[in-house]
Every structure is written in structure tokens, then in C-alpha cells.
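Q: Next come a sequence and a model predicted from it.
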Amino acid sequence: MELFQAGAHWTCREETAEACARRAEVFFQRLGQCDPAYARWFEYVYSRRNALQLPFEPTYDTFLRFFGRKKYRLGKDGFIFDAWTGQEQRGRGGLLNFTCGSGLPFYLNGCLLYLPREEPAATRVLTVSVLTEVVRAMVLAWEPDSCAVISEKDVASKKALETGEGCIGWLTYIANHRGRVPPLPKPVRVEPMEDKGTLIILTPERFSVRNPAHVSLAERVRERLESAEMLTRRAG
């Protein structure tokens with residue numbers, strides 16, 4: 001089964017623990033409305049048994065308490081956090097991590113969510129309708145520069161996603177400040193994401209790097225967005 005992840009990034013936005021806690025609360029609450037797979041959370045540690053002893057409610061007060069701990073701070077600049085939904089399959093389950101509050105270019109702000117790989121959650125979540133809401137949760141909570149849902153087999157996009165460079169995924173979000181999305185080839189769907197930016201949906205069916213038509217379409221979209229200079233991470 002092809003596995004997917006959703007990631008968002010934003011550059012150099014110094015924020016307080018209070019501001020980050022509010023954003024984290026919004027994100028987890030909206031994500032919990034996307035699917036029951038995101039209804040419970042545990043602090044992530046390498047021992048499964050220990051992690052299951054660390055459930056938490058994703059509220060403002062909880063995150064503010066977490067961000068007061070040394071283990072969740074990036075020195076004096078920013079905060080990091082890892083969470084797990086408790087699913088065990090393939091050793092990872094619903095893993096999520098984020099970095100926020102950093103005003104320094106070498107601490108990249110971002111949020112990465114490994115999408116369900118166990119059934120029946122995978123069938124429910126890996127649809128355009130649900131993933132649109134996952135992206136919306138990231139956009140409304142974190143206000144990122146870009147966001148994408150990619151196949152983990154797409155090595156180039158995975159590397160770009162992890163380093164904050166723009167990439168083309170099954171679903172791709174681009175903030176308004178990066179410019180206006182140019183006309184894109186059919187069957188690509190383009191729609192506004194609230195008043196924040198634009199959501200690009202490559203295919204109504206599940207995207208696959210094994211499908212040559214999907215790969216060709218993604219490449220054509222990437223070329224047009226690169227020509228419009230919309231995929232480059234900008235400092236400051």
C-alpha cells in the first residue's frame with residue numbers, strides 16, 4: 001500500500017509559547033474533526049509502553065505546560081513537539097511532529113503528519129474530501145507558506161517537504177503572498193482555501209507514483225508553478 005504524509009512549512013515567525021499553544025489547540029481540534037483516527041493522542045517516546053502511559057488532551061493549557069518543559073524547547077527560540085495516536089501497525093501509527101515559534105532560518109517551522117496506514121482508517125482518510133480538511137486544519141492553525149499531501153515513495157517531494165521547499169503533492173496549498181496560481185492542466189482542480197491561499201488538487205482519485213499519468217500531470221503542474229516562482233522558500 002502506498003503511504004502518504006501531509007506537511008506544512010512557514011519561515012522565520014517568532015512567536016511566544018502562548019501564541020504557539022493557541023495554534024496547536026486549533027490544529028488538534030480541527031484535525032480531530034477530520035476522522036476518529038485523530039480522536040486521542042499520546043506524547044511520543046521511543047518506547048511504545050511508555051508512550052501509552054502519556055495520554056494528553058490537546059488544549060491550550062496542555063500545550064502551554066508542555067512548552068514550559070526543557071525537552072520541548074529549541075533553546076530560547078521556538079518549540080518542538082511529537083505526538084502519537086496509538087496505532088501500532090508498521091511501528092509508527094499516526095505520528096505527528098511540529099516546530100513553531102522560531103524566528104531563526106536554521107530552525108524551520110513546520111508540521112508533519114504521517115497519514116494512516118492501517119485499515120479501516122486509511123480508506124477513510126485517504127480521500128480528497130478528508131485530506132482537504134486535514135490541509136484546512138494546517139492552514140487555519142499554522143498559516144503556513146505552503147502545504148502538501150505527498151506519497152512517501154515520491155523521494156524528491158519528500159525531501160522538499162522536509163526541508164521547507166515547495167513541492168507538488170496529491171493536494172498542494174500555496175499561500176496568497178506567494179502569488180497567483182497560473183492556469184493549470186485538466187483534470188487539476190483549483191479552489192480558494194478560506195482567505196489564506198489556494199488549494200490545488202491533482203486528481204479526484206487517490207494519487208500514485210506508480211501511475212505514469214499521475215506522475216506526468218504532477219510534473220506539468222510543477223513546471224508551471226516553478227515558472228511563476230511559487231515553489232521557492234523565501235527567507236524572512
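A: Yes, it's here.

Q: name the element the closest residue to residue 86 other than its chain neighbours belongs to?
A: Spatial nearest neighbour of residue 86, chain neighbours left out: residue 42 (5.8 Å); criterion: CB to CB, 6 or more residues apart in numbering. In short, each C-beta sits where N, CA and C put it, glycine included. Using DSSP states H and E, residue 42 sits within strand 41-43.

Q: That strand packs against which elements?
A: With contacts taken as 3 or more CB pairs under 8 Å, 6 or more residues apart in numbering; DSSP states H and E, strand 41-43 sits against strand 55-56, strand 79-84.

Q: mind redoing it with 10 Å?
A: helix 17-32, helix 48-51, strand 55-56, strand 79-84 (3 or more CB pairs under 10 Å, 6 or more residues apart in numbering; DSSP states H and E).

Q: can you put those in a markdown table and add distance to residue 165 and mean pLDDT?
A: Formatted as a markdown table, those follow (distance: least, CB to CB, whole Å; pLDDT from 0 to 100):
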| stretch | distance to residue 165 | mean pLDDT |
| --- | --- | --- |
| helix 17-32 | 22 | 97 |
| helix 48-51 | 31 | 71 |
| strand 55-56 | 32 | 90 |
| strand 79-84 | 20 | 93 |
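
Q: among these, which is nearest residue 169?
A: With CB to CB, the closest approach to residue 169 among these belongs to helix 17-32: 17.6 Å.

Q: If you count contacts, what does the closest one end up packed against?
A: Using 3+ CB pairs under 10 Å, 6+ apart as the test, helix 17-32 ends up in contact with strand 41-43, helix 60-67, strand 79-84, strand 95-100, strand 109-114, helix 128-142.

Q: Name the stretch among these that sits most buried.
A: strand 109-114 (a mean of 23; mean count of other CB atoms under 10 Å).

Q: Low-confidence stretches in the protein?
A: The chain contains residues with pLDDT under 70 at 48, 51, 88-93, 233-236.

Q: Give me the distance between the residue in it sticking out farthest from the centre and residue 26.
A: Most distant residue from the mean C-alpha position of the chain: residue 49, 26.6 Å away (CA atoms, centre = their mean). For residue 49, the distance to residue 26 equals 31 Å [CB to CB, to the nearest Å].

Q: Then residue 207?
A: Distance of residue 207 to residue 26, given as CB to CB: 27 Å.

Q: and the residue nearest the centre of the chain, which of the three is it?
A: Computing the C-alpha centroid of the chain and ranking residues by CA atoms, centre = their mean puts residue 7 first, at 2.6 Å. Following DSSP: H, G, I helix; E, B strand; the rest coil, the label given to residue 7 is strand.

Q: what bridges to residue 172?
A: Assessed by DSSP bridges, residue 172 has beta-bridge partners residue 148, residue 200.

Q: hmm, back to that, turn the helices and strands packed on strand 41-43 into JSON lines, columns for distance to residue 185.
A: Converted to JSON lines, the helices and strands packed on strand 41-43 look like this (distance: least, CB to CB, whole Å):
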{"stretch": "helix 17-32", "distance to residue 185": "31"}
{"stretch": "helix 48-51", "distance to residue 185": "44"}
{"stretch": "strand 55-56", "distance to residue 185": "44"}
{"stretch": "strand 79-84", "distance to residue 185": "38"}
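
Q: And those: which comes nearest residue 132?
A: helix 17-32 (11.9 Å).

Q: okay if I get the helices and strands packed on helix 17-32 as a markdown table plus distance to residue 200?
A: Shown next, in a markdown table, are those (distance: least, CB to CB, whole Å):
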| stretch | distance to residue 200 |
| --- | --- |
| strand 41-43 | 29 |
| helix 60-67 | 31 |
| strand 79-84 | 28 |
| strand 95-100 | 23 |
| strand 109-114 | 19 |
| helix 128-142 | 10 |
